[in-house]
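Trainee: Task: produce atomic coordinates for the following.
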Amino acid sequence: MAVDPDFEYDLLKRLTETRGVPGYEDRVREIVREELSGEVDELRTDAMGNVIGTLEGDSDYSVVVAAHMDEIGFMVTHVDDRGFLAVDPLGGFDPRVLKAQRVTVHTQSGDLPGVIGSPPPHTLDEEEREQTPKTEDVRIDLGLGSETVDKRVSPGDLVTLDQDTETVGDHITGKAIDNRVSVFALIEAARRIADPAVTVHFAATVQEEVGLRGAHALGVDLDPDLAIALDTTVANDVPGFEEREYVTRCGEGTAIKLKDSSVITSPKVHRRLAEVAENEGISHQFEVLPAGGTDTAGFQTSAGAKPVGAISIPTRYLHTVTESAHVEDVAATIDLLSAFLDAETGERDYRL
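Mentor: Numbers count the residues shown, from 1 in each chain. Purely as a prediction, here's the structure:
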C-alpha cells in the first residue's frame, strides 16, 4: 500500500469491490446493514431496497444524508447461437473504454467470468480503426460452448466489470469508487455522531445511475426538513484538459456542490457547509458540474420544496474501472459531513 489512509481502508476496499448494479444492490446492501447495525437507533430497508439508518435527535427536525449504492453495469438481453451475449447498459458508459475488459456475469446458478472482446488491429482496415464504438455493439465472450452458455445464462442476468481496488500513490482506484466511497463516508459519519440535536437519517439509496429513483421515493417517504447528498464528482485535472474544465482538483479537499445539470443547491445550505469547513479547518473547494446529476435533485422537490446541499469527492476517470480519488479528499469529506451534522440544531432557517 502506497499510503496509510486515516480511515478504515479495508471497508472501503470491500465496498468498492462488491458488485451491485441498479435495482440489484443486494450484496452492497448487506454490507451497509451490517456496518450500520449498532450505530443507529433504527435500521430498515424499504420496498425499493433503500437502507435507512436513523439516529433519533432531541427535536422533530430531520436531516437525510444520502449516498447511492449502485454501480453502472449491464443486463443480458440475448444469447446468440455461438454463445456470445448481447447486453443493455444499466447506467451511462463511455463505449470507448469497454473494449478488452474483463467482466463477471451473475446468473441464477452462480457467477461466470467473461471478457468483452476487441478484434486485433492486424485484422482492421483504416475505416474500421476510425469507427466510434457503440455500447449496443458490446458482446461478451464466456469462453464456453453455445449449449453450455444457453443452459447457464438467461436474459435478465446481470453483468459487472472486473477490477480490484488498489492504492496508487495518494489515490484509491477501482471500479466503483462512484459511489461506494460516499457510502463509506456515510457509514464513517454515522459512527462518529453519537447524540445529535436533530434526527438524522443515513440513507444508502438505490437506482441513482438510472434516474435518481431511490432518492425520489425516499424524499416522499421520509419528508425531511433538510437533505444532504454525497457523491463523487468530476476531477479533470489531468493532461488533455484546460484548467477551466477541471471542475475540481484531486488533493485540494472535499467539494461543496453549487450546481450540476439536475440541481442548483440551496445557497444558504452550501454557504453553511463552507462556514463549517472554514471554522473546522477542513480543506474544501466548490463544484460547478456542467453535466450529470445526483441524489441531491431527488430530494429537492419530491415532497414539496426542500433545502438541499451536496458534498462531493473529486474523482478522476469517472465511469471507468480506474476511477481514482485522493485519500485526503475522502478524509475531508467525512470530516465535513460529521462536523456539519454535529453542529446542526434544526433552528437555522435555510429557506429563501
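
Trainee: So for stretch 310-330, what gets flagged as buried?
Mentor: Within stretch 310-330, the residues scored as buried using 16 or more other CB atoms under 10 Å are 310-330. Any C-beta I mention is one placed from the backbone N, CA and C, and that applies to glycine too.

Trainee: Show the end-to-end separation of that stretch, please.
Mentor: With CA to CA, to the nearest Å as the measure, stretch 310-330 spans 14 Å from end to end.

Trainee: do stretch 317-326 as well
Mentor: Using CA to CA, the two ends of stretch 317-326 sit 12 Å apart.

Trainee: Break this protein down into its domains, please.
Mentor: As given by automatic domain parsing, the domain ranges for the chain are 9-71+175-343, 78-161.

Trainee: right, so those domains: which one is the most enclosed?
Mentor: Ranked by mean neighbour count under mean count of other CB atoms under 10 Å, the domains of the chain are led by domain 9-71+175-343, which reaches a mean of 21.

Trainee: Off-centre distance for it?
Mentor: Between the centre of domain 9-71+175-343 and the centre of its chain there are 8 Å (CA atoms, centre = their mean, to the nearest Å).

Trainee: That one spans what distance, first to last residue?
Mentor: 27 Å.

Trainee: Would you state the strands of the stretch 251-352 of the chain in chain order?
Mentor: Ranges of strands within the stretch 251-352 of the chain are 254-259, 284-288, 308-316, 323-326, based on DSSP state E, counting those that start in this stretch.

Trainee: how about the nearest residue to Leu258, chain neighbours excluded?
Mentor: Nearest residue to Leu258, sequence neighbours excluded (CB to CB, 6 or more residues apart in numbering): Val288, at 5.2 Å.

Trainee: Verify the stated contact: Arg44 with Ile52.
Mentor: Yes. With contact defined as CB atoms under 8 Å, Arg44 counts as touching Ile52 (5.5 Å).

Trainee: Now render the domains of the chain as JSON lines, adding distance to Thr167 and mean pLDDT.
Mentor: Listed next are the domains of the chain as JSON lines, based on distance: least, CB to CB, whole Å; pLDDT from 0 to 100:
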{"stretch": "domain 9-71+175-343", "distance to Thr167": "8", "mean pLDDT": "97"}
{"stretch": "domain 78-161", "distance to Thr167": "20", "mean pLDDT": "89"}
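
Trainee: Turn those into a markdown table, columns for distance to Arg351.
Mentor: Putting the domains of the chain into a markdown table (distance: least, CB to CB, whole Å) gives the following:
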| stretch | distance to Arg351 |
| --- | --- |
| domain 9-71+175-343 | 7 |
| domain 78-161 | 34 |
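
Trainee: check contacts around Val32.
Mentor: By CB atoms under 8 Å, 6 or more residues apart in numbering, the contact set of Val32 is 51, 69, 183, 187, 204.

Trainee: one more time with 10 Å
Mentor: Neighbour list for Val32: 15, 25, 43, 45, 51, 53, 67, 69, 180, 183-184, 186-187, 190, 202-204 [criterion: CB atoms under 10 Å, 6 or more residues apart in numbering].

Trainee: just Glu30 next, same as before
Mentor: Glu30 neighbours (CB under 10 Å, 6+ apart): 18, 20, 51.

Trainee: and what of Gly211?
Mentor: 22, 91, 262, 293, 298.

Trainee: Narrow these to those in helices?
Mentor: Counting by DSSP state H, those place Gly298 in helices.

Trainee: Generate JSON lines for the contacts of Gly211, with distance to Ala339 as supplementary columns.
Mentor: Formatted as JSON lines, those follow (distance: CB to CB, whole Å):
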{"residue": "Pro22", "distance to Ala339": "32"}
{"residue": "Gly91", "distance to Ala339": "32"}
{"residue": "Ser262", "distance to Ala339": "26"}
{"residue": "Gly293", "distance to Ala339": "26"}
{"residue": "Gly298", "distance to Ala339": "24"}
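
Trainee: Max pairwise distance over the contacts of Gly211: which two?
Mentor: Pro22 and Ser262 (16.4 Å; CB to CB).

Trainee: In the stretch 51-200 of the chain, mark out all the strands, start to finish.
Mentor: So, for the stretch 51-200 of the chain - with DSSP E, counting those that start in this stretch - the strands run 51-55, 62-68, 73-79, 85-90, 101-107, 110-116, 139-141, 158-161, 166-168, 171-174, 199-205.

Trainee: From the contact counts, what lies against the last one?
Mentor: This means strand 199-205. helix 26-36, strand 42-45, strand 51-55, strand 62-68, helix 177-192, helix 213-222, strand 226-234, helix 295-300 (3 or more CB pairs under 10 Å, 6 or more residues apart in numbering; DSSP states H and E).
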